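[1] Build the 3D model from these lines:
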Amino acid sequence: MMYSNSGTIRTNNTKISLTRLSAWCLALNFGFSPLLKGILPSPFDLIFLFMACAVSLVMFIINKNYNRKDTFQWMLLWLCVTASTLLVSNESLYASKTYLLSFICMFALIQSENWYKSIIKNVTIVSLVHVTATFFFFIVPKAYSLTMVKIWGSHVIGTLDGTEGYRAGLSSHYSTNGVFCSIPFLICGGLFFMGNVKRKQKKQLLVIMAVSIVAVLLTTKRAHLIFSILTLAICYYLGVSGQKINKVIKMLGTAVILGGLFLILMRVFPVLYETFNRFSESDDISTGRFDMWNLAWGLFKEHPIIGIGWGRYVHIMAGPLGINPDFATSVHNVYLQLLCEIGLVGFVIFLYAMLSCYIKTIQCLKSGALNDASYNALVVSYVLQTFVLLYNFTGNCIYDFTWYIYIIGCTLAISINHKMKKVKAVALAAASY
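    Numbering: from 1, shown residues only. This next block holds a predicted model:
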């Protein structure tokens, strides 16, 4: 019996170590895959994702179980992307590979709850590295020219030929840095307004929120600022029980306080005005998105059932829009791009996977049957999913590195939902006995 208990303890400790290692690898992959993609050839840019996948495969062997119900829609999604790539577009299988690696990690982590705190902490840490870099390059602008310009080999988009390198920070595009700076604000904001945390922790969360949102302002990214604030407002209003009028009053009070702080900061640092100036000074507030959306919609109408094929839009857009092929990009609206590239069939599959996970997240959140750790993790999942679903309207979230933070958020929700089912099953078995 003693040997049996000893073996069980060792196995449990191994599981905990593996889940935490996987959590670190996933966080590092999210935080640094864009940087690695710029300096390392494929597939070495995904080294952390490969490591997380390898750890997950070991976890599969140890756990010896697999829940098909919680993973069916995600495998269907992967099959859709792979089939569209192979049979319709004949493009690179890069997206299919990254999706498959992500899902392997998801399926392994669903079985464990030891990674909740680790992944949230790790993602916050790696994101704060980018926040710190943004401030560093703002304070020491020459450091950007001596480091990042040499790494990328040119001036990054959004940095005004390198004169305002802090906008992009460690990233190859200032939009990428905008996402990194938004994540700590979202995680800490969700826990501050909705989480079950102590008063001392709330003070720490508030500091991180303030620092992160200032970093977002420094990137001058309008969408990231709007969607970050809108995400917290929506999540707080819909996800927290209580009278609606009280929640509205609290949100308005918070808005007034934050607005006052922003005005003070912008007096001291006029550069923070840049984000707001971009709303009025641009001749095209969509920065070319309207033309890209019209083209995507037109292509969808020509191929409504199965679309033009995964990844083809970026190769088609240059001619009709009269732009340099080197600057061709995605649609900057995930929903339109899904319709355009994989048609109604693929669009329904993606929407089913995303919305079913989101709805289950809200249901679990309101169940009242969670301990503090699970509830706080679910709050973070809820916030991250909401942000991506909103940012999908103007960004490329499932086509770029933002996919990784989205899949982390979804995995948290599925894992907690899986745990709730197990607890209910045990309770029903005990009651029947």
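[2] elements contacting the helix or strand where residue 54 lies?
    Using DSSP states H and E, residue 54 sits in helix 47-63. With contacts defined as 3 or more C-beta pairs under 8 Å, 6 or more residues apart in numbering; DSSP states H and E, helix 47-63 has these neighbours: helix 2-39, helix 94-109. Just so you know, the C-beta spots here come from the backbone N, C-alpha and C atoms, and that holds for glycine as well.
[3] Can you pull out the residues in contact with that helix?
    Residues outside helix 47-63 that contact it (C-beta atoms under 8 Å, 6 or more residues apart in numbering): 11, 14-15, 18-19, 21-22, 25-26, 28-29, 32-33, 36, 40, 43, 66, 98, 101-102, 104-105, 107-109, 111-112, 404.
[4] Show me which of those residues are buried.
    Buried members of the contacts of helix 47-63, counted by 16 or more other C-beta atoms under 10 Å: 15, 18-19, 21-22, 25-26, 28-29, 32-33, 36, 98, 101-102, 104-105, 107-109, 111-112, 404.
[5] ok, the closest residue to residue 341 other than its chain neighbours - how many residues close by?
    Spatial nearest neighbour of residue 341, chain neighbours left out: residue 307 (4.6 Å); criterion: C-beta to C-beta, 6 or more residues apart in numbering. The local packing of residue 307 (other C-beta atoms under 10 Å) involves 26 other residues.
[6] quick one: buried residues of the strand or helix carrying residue 418?
    Element membership of residue 418 [criterion: DSSP H and E] is helix 402-432. Residues 402-420 are the ones in helix 402-432 that count as buried (16+ other C-beta under 10 Å).
[7] by how many degrees do that helix and helix 94-109 diverge?
    30 degrees (axes from the mean of the first three to the mean of the last three C-alpha atoms, to 10 degrees).
[8] Quick one: low-confidence residue ranges for the stretch 101-250 of the chain.
    The stretch 101-250 of the chain contains residues with pLDDT under 70 at 240-244.
[9] So what does the residue nearest to residue 35 when sequence neighbours are not counted have for phi and psi?
    Leaving aside its sequence neighbours, residue 35 sits nearest to residue 170 (C-beta to C-beta, 6+ apart; 5.7 Å). The phi/psi pair for residue 170 (degrees, to the nearest 10) reads phi -90, psi 0.
[10] follow-up on the earlier one: may I see the helices and strands packed on helix 47-63 arranged in a markdown table, with distance to residue 341 as well?
    Below are the helices and strands packed on helix 47-63 laid out as a markdown table (distance: least, C-beta to C-beta, whole Å):
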| stretch | distance to residue 341 |
| --- | --- |
| helix 2-39 | 21 |
| helix 94-109 | 10 |
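[11] what's the closest of the ones you listed to residue 369?
    Residue 369 lies closest, by C-beta to C-beta, to one member of those: helix 94-109, at 20.9 Å.
[12] Over to the residue nearest to residue 341. Which of the three states is it?
    Assigned with DSSP: H, G, I helix; E, B strand; the rest coil, residue 307 falls in the coil class.
[13] Next, work out how far apart it and residue 332 are.
    Between residue 307 and residue 332 the distance is 17 Å, computed by C-beta to C-beta, to the nearest Å.
[14] Next: residue 149.
    For residue 149, the distance to residue 332 - C-beta to C-beta - is 26 Å.
[15] One more: residue 101?
    From residue 101 to residue 332 the distance is 25 Å (C-beta to C-beta).
[16] which of the helices and strands packed on helix 47-63 has the lowest average pLDDT?
    When those are compared by mean pLDDT, helix 2-39 comes last with a mean of 80.
[17] returning to that earlier point: could you list every helix and strand that whichever helix or strand comes after the helix holding residue 54 packs against?
    Sequence-wise, the next helix or strand downstream of helix 47-63 (DSSP H and E) is helix 72-83. Packing contacts for helix 72-83, counted by 3+ C-beta pairs under 8 Å, 6+ apart, involve helix 94-109, helix 334-365.
[18] Helix 47-63 and the shortest one, what's the angle between them?
    Compare the direction of helix 94-109 with that of helix 47-63 by the same axes, to 10 degrees and you get 40 degrees.
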